[in-house]
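> Predicted model and sequence follow; I will ask about them next.
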Amino acid sequence: MRKKEVQEASQQAQKSNDVKKAKEEALTRQIRLSLYNMDKDIRTVAGHNLSQNIYTASKNKSDKGWSATKELIDVVTDFVPGVGTIKDAYRLYQVLSNPKSNAKDVAEALVGFIPGLGDLKSISKVTNAIKKAFDIDPKKLDQAVSIIKGTGKASKYVDVTKSSSRYANRAADVSKAQFEENLLRDGWKKSISKDGKTIILEKDGSKYVLRDGAKSTGGSTADFYPKGSKRMTLKIRLK
C-alpha cells in the first residue's frame, strides 16, 4: 500500500513540474514574440518610443535591467491573468529605475504593464516584487497604488493588443465622459482641437487625446502620449 502511495506522490510531483515547465515555456514564447515585434518596429518606425540601447540590453540576459524586469515578470505571471507586453515591461523598468519618476508616473506604468491592477486582491505581491527588484522609495510606491485604486471604474482594463500593433491597446469599461471626468478630477487640463473633433487633456507634459469614431474600433478612444514624445504609445478603447 505504501509503495502505491509513493508512486502516486511521485506522479503528482511530475505533473506539478510539467505544469511549471509549460508556464516557463509559454513565458519564453511570449518574450521571444515580443522581442521580434520590437525588432520589427525599431527597423520600420522612426522615433520608436524604445531606444536602440534598451532593445539591445533586453537581449543581454546578464544586464541588470533585464534581470530585474524578468524577475518581476516571473512573479506577476504566476497570478495575473494577462500582463502587458515586453514593451510595457521596459517602460515600467525605465520609470521604476528613474529617481525623478513621481507616483503618477509609476501608477501609469504599472497599469500599462498589468491591466486591471486596481482590482487585484494580491496587489501586495506586485509591490513586494518591485521593492525586491528595484531601489524605489516605498512611500512613492504606496502613493502609486493609492492612485490606481482611486481611479475607480477606470482601473479595469483588458489587453486587446494584436501582435502586429505598433502600440499597446487596452479596452476599458468606462465611457468617454467618465474617463474625462476622472482625469479632470486628477488635475489634468482640458482643451479642444481647432476642428472641434477631439478633446485634449494634458498634465506634466503627458497628453491624452479623446476622439469619437475611431477607424479601428468605430467607438470612442483615448490616445496616450508620454512626456516629451510626439508618438502615441497607448490606445484605450472606451465603451
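Looks like it came in fine.

> could you give the mean pLDDT of stretch 186-204?
For stretch 186-204, the mean pLDDT works out to 89.

> So which residues make contact with it?
104, 147, 180, 183-184, 207-212, 227 (C-beta atoms under 8 Å, 6 or more residues apart in numbering). Quick note: C-beta positions are derived from backbone N, CA and C, even for glycine.

> And those, which is the shakiest by pLDDT?
residue 147 (60).

> count of neighbours near residue 190?
Number of residues near residue 190 (other C-beta atoms under 10 Å) recorded here: 13.

> Helix, strand, or coil at it?
With DSSP: H, G, I helix; E, B strand; the rest coil as the basis, residue 190 sits in strand.

> just wondering, since we're on it, how far is it from residue 236?
17 Å (C-beta to C-beta, to the nearest Å).

> repeat for residue 221
6 Å.

> on that earlier part again, include neighbour count when you put the contacts of stretch 186-204 into a markdown table, please.
Listed next are those as a markdown table, based on neighbours: other C-beta atoms under 10 Å:
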| residue | neighbour count |
| --- | --- |
| 104 | 16 |
| 147 | 20 |
| 180 | 20 |
| 183 | 21 |
| 184 | 13 |
| 207 | 20 |
| 208 | 22 |
| 209 | 17 |
| 210 | 21 |
| 211 | 18 |
| 212 | 13 |
| 227 | 11 |
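
> Inside helices: which ones of these?
Using DSSP state H, the subset of those located in helices is 104, 147, 180, 183-184.

> phi, psi of residue 95?
Main-chain torsions, residue 95, degrees, to the nearest 10: phi -70, psi -50.

> pLDDT value on the residue lying closest to it once chain neighbours are set aside, please?
Once flanking residues are discounted, residue 95 sits nearest to residue 109: 4.1 Å by C-beta to C-beta, 6 or more residues apart in numbering. In this model, residue 109 is scored at 71, pLDDT.
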